[in-house]
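S.K.: Test case, fold it:
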Amino acid sequence: MIALGQFLEVLIGGLMSGVLYSLVALGFVLIFKASGVFNYAQGAMVLLAGLALVRALDLLVANGLPLWVAVILAIGFAAVIMAATAWLIERFVIGPLVNQDGLTLFMSTIGVTFVIEGAAEMIFGSDVYPLRLFPTDAWFLFEGLFPGGILVNKLDVWGALIAGVLVAGLAVFFQRTKTGRALRAVADDHLAAHSIGIPISWIWFVVWLVAGLVALVAATVWGTKLGVQFSITFLALKALPVLIIGGLTSIPGAIVGGLIVGAGEKLAEVYLGPSIGGGIEYWFAYVLALAVLRLRPQGLFGERIIERV
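M.R.: Predicted coordinates:
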């Protein structure tokens with residue numbers, strides 16, 4: 001019974017951690033799904049959103065505003081910053097490169113990453129800033145069934161709920177709204193979409209804006225978990241195996257991929273780590289990604305690409 005309780009605790013903790021990875025992966029999926037661009041700058045966008053939020057929140061609270069008012073205003077300020085960032089990226093980076101190949105666009109997002117990181121730390125600071133928007137204590141569940149119960153972090157539960165709401169909202173946005181359908185058309189063929197009157201520049205601004213707002217949501221959770229700091233940008237690397245497993249074009253795939261990665265790395269660390277050495281959770285996700293690439297290169301939920309010769 002003790003072994004089962006430990007297994008369930010590790011599994012649940014891994015699944016919850018995986019949902020937090022999915023929050024970052026969603027930004028990648030959104031931009032790739034709508035424009036065909038692999039946005040390496042998503043991690044930097046999480047950093048920028050988090051710094052704008054926490055610095056504005058600290059300033060407003062220091063000036064005597066009630067916490068709930070300060071939180072609303074700080075989130076609004078961070079959203080404006082992300083909207084301005086989306087406009088600048090579309091206007092000066094993606095827009096001029098609209099007819100270039102995917103590799104050129106990908107390289108441009110690497111440049112955007114360094115610009116965002118440098119500008120964010122120059123404007124908002126480079127220290128570690130604590131952010132406390134969600135509870136970080138734990139529940140102990142099923143204490144009557146397992147000795148000591150099963151520990152579940154409240155922050156992870158909040159992250160799971162937020163991710164669920166985001167996926168539902170994005171699914172409705174892409175499937176039911178005119179703008180969402182236009183985004184899908186642009187992703188299929190930029191020139192054809194432009195020829196039927198879809199404004200490419202506006203569509204790309206919208207998708208980068210939505211990805212920026214998703215980055216803001218991710219920053220609220222990860223900032224509460226780790227503090228807002230430069231290392232948040234490396235979340236992009238943790239999101240890569242999630243994307244490979246779930247599929248670059250699938251929003252539900254980002255969630256499922258995150259669950260697989262989170263559960264896999266935690267279970268591997270606990271049950272395989274003692275045999276092959278510690279630190280397995282830092283690379284085990286990439287082993288899972290390689291296995292999926294061997295079996296299904298487009299990911300579990302990705303679209304199979306058929307090219308006629």
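
S.K.: Lys225 contacts Tyr21, correct?
M.R.: No. Counting by Cβ atoms under 8 Å, Lys225 stays clear of Tyr21, with 11.6 Å between them. Quick note: C-beta positions are derived from backbone N, CA and C, even for glycine.

S.K.: So between the two, which is more surrounded?
M.R.: Taking other Cβ atoms under 10 Å, Lys225 and Tyr21 do not tie; Tyr21 has more neighbours (29 against 17).

S.K.: contacting residues for that one?
M.R.: Contact partners of Tyr21, counting by Cβ atoms under 8 Å, 6 or more residues apart in numbering, are Leu235, Lys238, Ala239, Val242, Gly258, Val261, Gly262.

S.K.: So for the host helix or strand of it, mean pLDDT?
M.R.: Here Tyr21 sits within helix 2-35, counting by DSSP states H and E. The predicted model assigns helix 2-35 a mean pLDDT of 85.

S.K.: CA atoms of the helix or strand just after that helix as CSV?
M.R.: Sequence order places helix 42-62 as the next helix or strand after helix 2-35, per DSSP H and E. In CSV, the C-alpha atoms belonging to helix 42-62 read as follows (Å, rounded to 0.1, in the frame of the first residue of the first chain):
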residue,chain,number,x,y,z
GLN,A,42,8.4,32.0,-26.7
GLY,A,43,10.5,31.5,-23.6
ALA,A,44,11.7,35.1,-23.8
MET,A,45,8.1,36.2,-24.1
VAL,A,46,7.3,34.4,-20.9
LEU,A,47,10.2,36.3,-19.2
LEU,A,48,9.1,39.7,-20.6
ALA,A,49,5.5,39.1,-19.5
GLY,A,50,6.6,38.0,-16.1
LEU,A,51,8.9,40.9,-15.5
ALA,A,52,6.3,43.5,-16.7
LEU,A,53,3.7,41.9,-14.4
VAL,A,54,5.8,41.6,-11.2
ARG,A,55,7.5,45.0,-11.5
ALA,A,56,4.2,46.7,-12.1
LEU,A,57,2.6,44.8,-9.2
ASP,A,58,5.4,45.7,-6.8
LEU,A,59,5.2,49.4,-7.8
LEU,A,60,1.4,49.6,-7.4
VAL,A,61,1.4,47.8,-4.0
ALA,A,62,4.2,50.0,-2.8
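
S.K.: gap between helix 42-62 and the chain center?
M.R.: Distance, stretch centre to chain centre, for helix 42-62: 16 Å (Cα atoms, centre = their mean, to the nearest Å).
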